[in-house]
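Peer 1: structure, please.
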Amino acid sequence: MRHSPAVIACLAALAGCAAAPPGHTPPPATASAHAAAPKPPEEAGLPIAIALPDLTTYALIRTDGGKTPAQVLNLAQAGDLLAGFDVIFIGEVHRHMGNHRAEMDLFRVIHERAKAVSLSMEQFERDVQPVVDDYLAGKIGEVALAEKGRSWQNYGTSYRPLVEYAKEHHLPVIAANAPGDVIRCVGREGLSFLTRMSPAARGWAAAEVHTGPGAYRDKFMGFAMGDSGHGGPPGTKGDARTPSPIAIRSFEAQATRDDTMAESIFLHLQKSPGRKVVHLTGSFHSDDFLGTVERLQMRSPQLKIAVVSPTDYATPDNLTLKPSDAAGGTLVLAIRALPQPYATPDELRAAMREQVSTREKFSCKM
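Peer 2: Numbers count the residues shown, from 1 in each chain. I've put the predicted structure just below:
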């Protein structure tokens, strides 16, 4: 499946993934406090002859958004394909070893074919761009990068190889995301919070945030409201259930992230025309060419954008690529499913209570 249980639960719990601290793994969906979403009819899938013997293994399958027959590519072939795009989104299941290995491998082969490439990261936030730049210039060490740059807890195992590669080859690194504090406040108070920020802080988030109706909002609300559609069961037309105020604010927080990352990439390309950008992001932000992808396309319609969409499998044998998974990206990144982080509903509920408690203690003054 393309959307990992942790991602779905984060939305269903209305934490928006934005409210979680860096490196935090949100609870899984299997024991969500919301009612289980009605299951859509089973899709007829295409068997794929690949092996995923462990969590560090991955496979790359070209689908062109479901428009062409699935084709398994080796790394060199994937590099040849992706180097032909202006911006390459590599979606990730956070903390997945195979996913992070694929990110490093793909970034390297793209750079080998297109020297003028920049690394854009959800995992660093706009206000720490000077810290990231100082690290790349050798002015500060990795401890300062971790502390002042608020690097994610899994930086050393997941993102260090990419940043070090960029540093060694003198490639820019874009701290693309909006600060977590801003996102938390939008999730609590709504999009109007951005209008109350100080002029200096307002630049940490996108100038324009798009929260209107569309496929991405429908998708988000479907998960957030515990349904497979826009608040209703499969096959219903229109709104079977009105999204709650909390769900609306959570989407506004999500959109703030998406638009900020899209704007960060757009501004970088304006300053450095002709460069390519590889952007690392949680898969919900890029799957189906939605989220950050569509917001970047709004700002620059001429850009040629590729998406690498992770799909995780519970077993390494008898892999079946479903049409909905094939439609998720230019390439499907096949990986093994991670173990469930919580074994019981009680564990899940305790984790959710801790997240809510942390958010309630935060003060929104910027």
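Peer 1: now do the strands in the stretch 201-350 of the chain.
Peer 2: In the stretch 201-350 of the chain, the segments counted as strands under DSSP state E, counting those that start in this stretch are 276-282, 305-313, 320-321, 331-336.
Peer 1: now do the shortest one: which elements does it pack against?
Peer 2: Contacts defined by 3 or more C-beta pairs under 8 Å, 6 or more residues apart in numbering; DSSP states H and E place strand 320-321 against strand 46-47. To be clear about C-beta, it is placed using only N, CA and C from the backbone, and glycine gets the same treatment.
Peer 1: what packs against the strand it packs on?
Peer 2: strand 320-321.
Peer 1: just give me how far the strand it packs on sits from the chain centre.
Peer 2: 22 Å (C-alpha atoms, centre = their mean, to the nearest Å).
Peer 1: make CSV out of the strands of the stretch 201-350 of the chain and add mean neighbour count, mean pLDDT and distance to Tyr58.
Peer 2: Output for the strands of the stretch 201-350 of the chain, formatted as CSV (neighbours: other C-beta atoms under 10 Å; pLDDT from 0 to 100; distance: least, C-beta to C-beta, whole Å):
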stretch, mean neighbour count, mean pLDDT, distance to Tyr58
strand 276-282, 25, 98, 15
strand 305-313, 25, 97, 8
strand 320-321, 17, 92, 14
strand 331-336, 26, 97, 5
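Peer 1: make a markdown table from those strands and add distance to Pro47 to it.
Peer 2: Formatted as a markdown table, those follow (distance: least, C-beta to C-beta, whole Å):
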| stretch | distance to Pro47 |
| --- | --- |
| strand 276-282 | 28 |
| strand 305-313 | 12 |
| strand 320-321 | 6 |
| strand 331-336 | 12 |
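Peer 1: closest to Ala146 out of the ones you listed?
Peer 2: strand 276-282 (17.5 Å; C-beta to C-beta).
Peer 1: quick one: strands adjacent to the closest one?
Peer 2: strand 87-92 (parallel), strand 117-125 (parallel) (DSSP bridges).
Peer 1: pull out the buried positions in the last one.
Peer 2: Meaning strand 117-125. Neighbour-count burial for strand 117-125, counted by 16 or more other C-beta atoms under 10 Å, picks out Val117, Ser118, Leu119, Ser120, Met121, Glu122, Gln123, Phe124, Glu125.
Peer 1: please save the CA atoms from it in PDB.
Peer 2: C-alpha atoms of strand 117-125 as PDB (Å, rounded to 0.1, in the frame of the first residue of the first chain):
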ATOM      1  CA  VAL A 117      21.400  19.700  -9.000                       C
ATOM      2  CA  SER A 118      20.200  21.000  -5.600                       C
ATOM      3  CA  LEU A 119      18.900  18.900  -2.600                       C
ATOM      4  CA  SER A 120      15.600  20.200  -1.100                       C
ATOM      5  CA  MET A 121      14.500  18.800   2.200                       C
ATOM      6  CA  GLU A 122      11.300  18.700   4.200                       C
ATOM      7  CA  GLN A 123      13.500  17.800   7.100                       C
ATOM      8  CA  PHE A 124      15.000  21.300   7.500                       C
ATOM      9  CA  GLU A 125      12.900  24.400   8.100                       C
END
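Peer 1: next, the angle from whatever helix or strand comes next after that strand to strand 117-125.
Peer 2: Counting by DSSP states H and E, the next helix or strand C-terminal to strand 117-125 is helix 129-136. Relative orientation of helix 129-136 and strand 117-125, computed by axes from the mean of the first three to the mean of the last three C-alpha atoms, to 10 degrees: 120 degrees.
Peer 1: dump the buried residues of strand 117-125 into CSV; add pLDDT as well.
Peer 2: Output for the buried residues of strand 117-125, formatted as CSV (pLDDT from 0 to 100):
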residue, pLDDT
Val117, 98
Ser118, 98
Leu119, 98
Ser120, 98
Met121, 98
Glu122, 98
Gln123, 97
Phe124, 98
Glu125, 98
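Peer 1: neighbours of the residue lying closest to Thr211 once chain neighbours are set aside, how many?
Peer 2: Spatial nearest neighbour of Thr211, chain neighbours left out: Ala255 (4.9 Å); criterion: C-beta to C-beta, 6 or more residues apart in numbering. By other C-beta atoms under 10 Å, the residues close to Ala255 number 24.
Peer 1: ok, now Gln340?
Peer 2: Counted with other C-beta under 10 Å, Gln340 comes out at 14.
Peer 1: now do the one 5 residues further on
Peer 2: Residues lying near Pro345 (other C-beta under 10 Å) number 13.
Peer 1: cool, and Val132?
Peer 2: Neighbours around Val132, by other C-beta under 10 Å: 23.
Peer 1: show me the residue sitting in the middle of this protein in space.
Peer 2: Compute the mean C-alpha point of the chain, and by C-alpha atoms, centre = their mean the closest residue is Gly282, 1.8 Å away.
Peer 1: roughly how far apart are that residue and His94?
Peer 2: Separation of Gly282 from His94 (C-beta to C-beta, to the nearest Å): 6 Å.
Peer 1: what do you get for Phe284?
Peer 2: Phe284 is 10 Å from His94, by C-beta to C-beta.
Peer 1: any shared contact partners between the two?
Peer 2: Here Phe284 and His94 share no contacting residue, scored by C-beta atoms under 8 Å, 6 or more residues apart in numbering.
Peer 1: counting contacts, what elements does the longest helix along the chain pack onto?
Peer 2: Of all the segments of type helix in the chain, defined by DSSP state H, the longest one is helix 245-271. Taking 3+ C-beta pairs under 8 Å, 6+ apart as contact, the helices and strands that helix 245-271 lies on are strand 117-125, strand 173-177, helix 180-189, helix 215-224, strand 276-282, helix 292-299.
Peer 1: so what strands line up beside the shortest one?
Peer 2: Note on strand 173-177: by DSSP bridges, its sheet partners are strand 117-125 (parallel).
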